[in-house]
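> Next come a sequence and a model predicted from it.
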2 protein chains.
Amino acid sequence: MTTAAHTIAVGLERLLGSGKVSTDPALLAGYSRDQAPHPPEASALAVVFAESTADVQAVVRACAAAGIRVVARGAGSGLSGGAHAVTESVILSLERMDRILELRAGDEVAVVEPGVVNADLNAAAAEHGLMYAPDPASFTFATIGGNIATNAGGLRCAKYGVTRDSVLALDVVLADGELVRLGHSTFKGVAGYDLVALLVGSEGTLGIVVGATVRLRHLPVKVCTIAAFFPDLASAAAGVLAVGRARVQPAIMELMDHGSIADADALNGTDLASRCTVLLLIQTDGFGAEAEAAVVREVLAAEGGTLSAPGDPAAELFVQLRRNSRGSGTENELRVGEDVAVPRSRLVDYARELERIGREYGVFMKMVAHAGDGNLHPMFWAEPDDGGRDEAVARLRGALDESVRVALSMGGTITGEHGIGTFKLPWLGWEHSERVRELARGIKDVFDPHGVLNPGKAI
Amino acid sequence: MTTAAHTIAVGLERLLGSGKVSTDPALLAGYSRDQAPHPPEASALAVVFAESTADVQAVVRACAAAGIRVVARGAGSGLSGGAHAVTESVILSLERMDRILELRAGDEVAVVEPGVVNADLNAAAAEHGLMYAPDPASFTFATIGGNIATNAGGLRCAKYGVTRDSVLALDVVLADGELVRLGHSTFKGVAGYDLVALLVGSEGTLGIVVGATVRLRHLPVKVCTIAAFFPDLASAAAGVLAVGRARVQPAIMELMDHGSIADADALNGTDLASRCTVLLLIQTDGFGAEAEAAVVREVLAAEGGTLSAPGDPAAELFVQLRRNSRGSGTENELRVGEDVAVPRSRLVDYARELERIGREYGVFMKMVAHAGDGNLHPMFWAEPDDGGRDEAVARLRGALDESVRVALSMGGTITGEHGIGTFKLPWLGWEHSERVRELARGIKDVFDPHGVLNPGKAI
């Protein structure tokens, strides 16, 4: 342990009491990074497990005074390095602040601490016939605070919106330790600038969320699941647009290509790959679920889809496979999952480009997509050959760069829901003009003039 | 005309060409204000009718150089003074920039100029089975640019969200005339801070919107309208909560008190007032509309409501009455409409407080509410008696202050959808702490360091 680490750890322990600060090397290694493919720039000096807003304020004040950076962290399930340690930083874990403080069913509102796990909030809401809509694939372990930091998406976004659309008010500890309340506890509110929306997705760079008032929605009274097997991508993509033309808004509309299907088969012992090239999974929900499902079946059949029988439990199983389709393989410099989004009608064009890129750069590619909102998750991986590891890494980087460039050329974005973190920073200038980035840096300076909070991330 | 007005008008006309600049006193008087109850602090020096982004850039640059303020304006239908002229200002009307540039049905997206009227966009979208969801009562004349400036709400918000939730990207002219693009054309996108959400609702103080990429949604295949007559407010409010417990999300859920009903009768020659004390109007929509309507009827009847017959055209007529319930009476210092919101379950408590406040301050009060999201529009008016006009104004101000104070004490907000403008500025400090207002001022300084754009508004 360095002297700096020892000093700050002792200081924080004195402030917070025992059992909340660790400098254990094994623990530090795990807490110094999230699930991004690249390593953090440094190991953290210490990890602090805050148990209260006062703890968070004390940590921020002490670190600000000592010139040490604070990286807030939920479950560490982010994919872009937003929770990676930075040089001379303390990791501030919020996982112990995991209480649901209020669940007001009549108001369709909950007030939670940041460390509440998404699935736990949903379980509590379900007792009142309610749900918290944003459902990232990581919802069984990701925290609401982390979801807010990244403006997490998920499968249900096209119908129910992203995290930002469900967050009404935030209690935030600023870079000097002051606690402020932003937003309103009502569904609507337009008093002053929308600082809640600004904080959502700001990856812990503007303030540390210590409380959130979130909107709940009705748990659908009925859900219908449809699996549609298509012979090719073009017909599946045409099916997606046909569903829209039929004025159906599915709760989820997921697309898996052949590589992702084969992977799911290998993981789960299923045999989907022999049945189709492309799988489209659709859920309709609410009072109109059955009527919508009937329309969806009709239009998908017309586009050449082979449909699961109504009520077939296999269809629901496929949705579970899809939710777990990232698999257990962690990402690294030879295996990177992407997160671009394109306008929905460009889905098939973009998927073809992905196949071209795979061939051209000599890398492997499989893909799943939130087809309802044009958000694609291609997974690229390279295998070292005679050129060695470095050459394989270069091939993969080339493919990633090209996939991002093509998405932007189609009017897309470099990240639909995973955030910039540090992994995607090199691409941010491809999407935003220098002036826009200057505005963002100006806002960062207003909130955090001394660069205490997660510097070098998000913008 | 003052020398300053003459100089800037001549200068702008030279820049823009003829037919775009006016200093006609009658026109200036109309364009120097919106529909707020209070007068503007000054008359504008000139009105400019921009026809292009280049026009807007030229005006902003010329005014910035001359130390003159720019107040952007859509239809001038705002209710808080957001489009009121300020001292030494030019009104920049965007109503001629009224083209729908793209309507991409497959992507469910439109690209519009700011002067497009909300209803016109909806008419164009309807040809593709789509709609633009935000529907302020002013939608037949209010512009998308004005809706964006105020983050306009409307009747359908509880189900379909407010303006912010439908805006994906913005083209914005900054305070020095530079044009930037913010946001993304896709449904989802989390690259950097959400500057689009920051601009929405900023009332023209951070930049001037010259283009917007907005999300469209499916036009419902079916709409069912239910009018429910209640003997008192408590049972109607209980009905609102019962609908939620039945897991129905109505597209609209509007409440009218007896005063508003009587007013609507007087305006329209109807006779609703003899049938009930409180009217609840509900629309369900989509594939599940009929199933939802059946559930709504059942739960409202159980709470004591008397229901219109299914398919009764009168129910649809009532919705039109509600949309027009502001009436034709303009607001002034003796007649002010309010816009507070409270958590939904407090609706009946708050309505009772409004009645108390009316009695206590000797003012008249009627009320409509977006019951689905707890946003109330009480209208207060005072009639001068022996104490004279000033005393009546003071009574009204007292009642308004008290109504805002009570809303805040219930966890509400001072403005659900009309915005701060200048009229509500005195109350903003009651809702936001000084530190939060400092943050907002800091952001204003980042975007507009010299105070060119609509200074003194919104924050």
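Arrived safely, thanks for sending.
> avg pLDDT for stretch A:196-216?
Averaged across stretch A:196-216, the pLDDT comes to 98.
> is chain B contacted by that stretch?
Yes - Stretch A:196-216 is in contact with chain B by Cβ under 8 Å from any Cβ of the partner chain, via A:197, A:198, A:200, A:201, A:202, A:206. (C-beta placed from N, C-alpha, C; glycine too.)
> ok, of these, which one's closest to residue A:63?
residue A:206 (15.9 Å; Cβ to Cβ).
> which stretch of helix or strand covers residue A:229?
strand A:223-230 (DSSP states H and E).
> List the buried residues of that strand.
A:223, A:224, A:225, A:226, A:227, A:228, A:229, A:230 (16 or more other Cβ atoms under 10 Å in any protein chain shown).
> Let's see it as CSV, backbone CA atoms only.
Extracted in CSV, the C-alpha atoms of strand A:223-230 (Å, rounded to 0.1, in the frame of the first residue of the first chain):
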residue,chain,number,x,y,z
VAL,A,223,-48.3,-10.7,-21.6
CYS,A,224,-48.2,-12.6,-24.9
THR,A,225,-44.9,-13.8,-26.3
ILE,A,226,-44.3,-14.6,-29.9
ALA,A,227,-41.2,-16.3,-31.4
ALA,A,228,-40.9,-15.8,-35.1
PHE,A,229,-38.3,-17.8,-37.1
PHE,A,230,-37.1,-16.1,-40.3
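> tell me how far that strand is from the chain's mean position?
In terms of Cα atoms, centre = their mean, to the nearest Å, the gap separating the centre of strand A:223-230 from the centre of its chain is 24 Å.
> Within its sheet, name the partner strands of it and how each one runs.
strand A:278-285 (antiparallel), strand A:306-307 (antiparallel) (DSSP bridges).
> Mean pLDDT for these - can I get that in TSV?
Formatted as TSV, these follow (pLDDT from 0 to 100):
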stretch	mean pLDDT
strand A:278-285	96
strand A:306-307	96
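> Export these as JSON lines, with columns for mean neighbour count and distance to residue A:299.
Output for the strands paired with strand A:223-230, formatted as JSON lines (neighbours: other Cβ atoms under 10 Å in any protein chain shown; distance: least, Cβ to Cβ, whole Å):
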{"stretch": "strand A:278-285", "mean neighbour count": "26", "distance to residue A:299": "10"}
{"stretch": "strand A:306-307", "mean neighbour count": "16", "distance to residue A:299": "11"}
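> Quick one: the ones you listed as JSON lines, columns for distance to residue A:111 too.
Below are the strands paired with strand A:223-230 laid out as JSON lines (distance: least, Cβ to Cβ, whole Å):
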{"stretch": "strand A:278-285", "distance to residue A:111": "26"}
{"stretch": "strand A:306-307", "distance to residue A:111": "43"}
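> For residue B:320, find the nearest of those.
Using Cβ to Cβ, the strands paired with strand A:223-230 put strand A:278-285 closest to residue B:320, at 31.2 Å.
> and the closest residue to residue A:35 other than its chain neighbours, what does it touch?
Nearest non-adjacent residue to residue A:35, counting by Cβ to Cβ, 6 or more residues apart in numbering or on different chains: residue A:79, 5.3 Å away. Residue A:79 makes contact with A:34, A:35, A:36, A:331, A:337, A:339, A:418, A:419, A:421, A:423, according to Cβ atoms under 8 Å, 6 or more residues apart in numbering or on different chains.
> Am I right that the first one is in contact with residue A:78?
This means residue A:34. Yes - Residue A:34 is within contact range of residue A:78, at 4.1 Å (criterion: Cβ atoms under 8 Å).
> in what helix or strand does residue A:71 lie?
Per DSSP H and E: strand A:69-73 holds residue A:71.
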